[in-house]
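Undergrad: mind folding the following:
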Amino acid sequence: MSRTPKKQDSTPSNRSNSEFASQKYDFKSALHVLDGVDRPKAASVVKKRERRRRPQLSKRDYVEGILSGNLTGLSRAITLIESNARKHQELAQQVLSDILPKTGNTIRLGVSGVPGAGKSTLIEALGLHLIRKGLKVAVLAVDPSSTVTKGSILGDKTRMEQLSREPNAFIRPSATGGTLGGVARKTRETMLLFEAAGYDVIIVETVGVGQSEITVRSMVDFFLLVLISGAGDELQGIKKGVIEIADAILINKADGDNLVAARLARAEYENALHYLAPATKGWKTHAHLASALEQTGIDDLWKVVLKYKEVTGKSGEFERRRQQQIKAWLHHLLEERILHMFYEDPHVIQILPKIEEDVMSGKTPSTSAAWSVLDAYLSSKS
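TA: The predicted structure follows:
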């Protein structure tokens, strides 16, 4: 019969526990042996990270990178513009001030429409057409975004794969961040960067919901509404107000078996446009046909844009609209800044919750409550 070997005590019997504790043994665990590589010291890890960290750019570096049209420099400048850090915002405004004289020579197009109308496919087809004409194209595409994560769901570069490979095209995806406007807050400043970098056409695509169309209309020269045939207005989510701000209506997917229906839809919209005031003074909005898939109607669309610029340029409407847009943007920034100062005021933070409770419980009317908060804010500043 085999005998089970007796397990040896790891503590020698002829030594005390204190002596054993003070004795050093060169034991290595199996994991340590298999690892085979010593862990680097923390200091060396920090040094490696520092070596990988990008150097901080100066205002001059940003400006030179933008004006030279360098893609890396332009990308970093856009990242600077989009940053919410105070020091980045201050530097971004300095950069914008320096490049401002180089802006204004670009045609700004806004493209909106219903989901499924093929906006991205149309934009890619138009972008490729313009590049073949020797123009540089920038696309600020706004994806559907999660209201929880504030992140982009779809990637614009995956939807415009061919255009994204063109050296004279720049696609900048941006999330809506769950906001109703559907356009990134820094889109206007980003457009200035592209203009200073020498891009000829800037296209802004919207998510096509809520107030996003109005937001884009306020920052572009020409607004295009993309629709499809075979669905009524109630199904497409199109309201009269959206049609009224369009400089052109495009019935997309006018090909194959859908061509007849597309022609009928164009006739219906042409008839409706007779009863609407023009979106731009001195310009008559018309409905057009195109097929982004078959590349038909794209050149005609671009001719419409050029004709629009010619007509509004001669009348002075083109420049007048841009000036009004800049003025409106100034007031928007002032309102935003004033609201931020108001809600960040310590006195307002202290009294507002109680006043909100009084309003919700019906003790105080909203109007008088608002005045009381404002009076308290002004009193704290006097």
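Undergrad: what does residue 253 show for phi and psi?
TA: The phi and psi values for residue 253, taken as degrees, to the nearest 10, are phi 60, psi 30.
Undergrad: the nearest residue to it once chain neighbours are set aside and residue 131, how far apart?
TA: Of all residues not flanking residue 253 in the chain, residue 228 sits nearest, at 5.4 Å (CB to CB, 6 or more residues apart in numbering). For the C-beta atoms, the positions are set from N, CA and C on the backbone; glycine is no exception. Between residue 228 and residue 131 the distance is 26 Å, computed by CB to CB, to the nearest Å.
Undergrad: how about residue 196?
TA: 20 Å.
Undergrad: got a list of what the residue nearest to residue 253 touches?
TA: By CB atoms under 8 Å, 6 or more residues apart in numbering, the residues touching residue 228 are 114, 116-118, 236, 251-253, 262, 265.
Undergrad: who has more neighbours out of residue 196 and residue 131?
TA: residue 196 (25 against 18; other CB atoms under 10 Å).
Undergrad: strands along this protein, start to end?
TA: Along the chain, counting by DSSP state E, strands occupy 107-113, 137-143, 169-175, 201-205, 222-227, 248-251, 287-289.
Undergrad: low-confidence ranges in this protein?
TA: 1-54, 142-158, 174-185, 207-211, 231-240 (pLDDT under 70).
Undergrad: quick one, domains of it?
TA: 56-101, 103-314, 345-380 (the TED database).
Undergrad: minimum distance to residue 331: which of the ones you listed has it?
TA: domain 103-314 (11.2 Å; CB to CB).
Undergrad: can you give me the end-to-end span of that closest one?
TA: One end of domain 103-314 sits 20 Å from the other (CA to CA, to the nearest Å).
Undergrad: same check on stretch 56-72?
TA: Rule used - CA to CA; the end-to-end distance of stretch 56-72 is 14 Å.
Undergrad: where do the helices sit along the stretch 101-250 of the chain?
TA: 119-132, 156-159, 161-164, 187-196, 212-217, 233-236, 240-244 (DSSP state H, counting those that start in this stretch).
Undergrad: nearest to residue 371, of those?
TA: Nearest of those (CB to CB): helix 212-217, 29.4 Å.
Undergrad: what residues sit buried inside the closest one?
TA: Neighbour counts over helix 212-217 (16 or more other CB atoms under 10 Å) mark 212-213, 215-217 as buried.
Undergrad: got those as JSON lines, with distance to residue 342 columns?
TA: Below are these laid out as JSON lines (distance: CB to CB, whole Å):
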{"residue": "212", "distance to residue 342": "26"}
{"residue": "213", "distance to residue 342": "29"}
{"residue": "215", "distance to residue 342": "23"}
{"residue": "216", "distance to residue 342": "28"}
{"residue": "217", "distance to residue 342": "28"}
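Undergrad: pick the one among these closest to residue 335.
TA: residue 215 (14.5 Å).
Undergrad: that closest one contacts residue 188, doesn't it?
TA: No: Residue 215 lies out of contact with residue 188 (CB atoms under 8 Å); the separation is 10.1 Å.
Undergrad: need the strands of the chain in a markdown table (columns: distance to residue 355 and mean neighbour count).
TA: As requested, those are exported to a markdown table (distance: least, CB to CB, whole Å; neighbours: other CB atoms under 10 Å):
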| stretch | distance to residue 355 | mean neighbour count |
| --- | --- | --- |
| strand 107-113 | 39 | 24 |
| strand 137-143 | 36 | 25 |
| strand 169-175 | 34 | 20 |
| strand 201-205 | 40 | 26 |
| strand 222-227 | 41 | 25 |
| strand 248-251 | 48 | 24 |
| strand 287-289 | 51 | 20 |
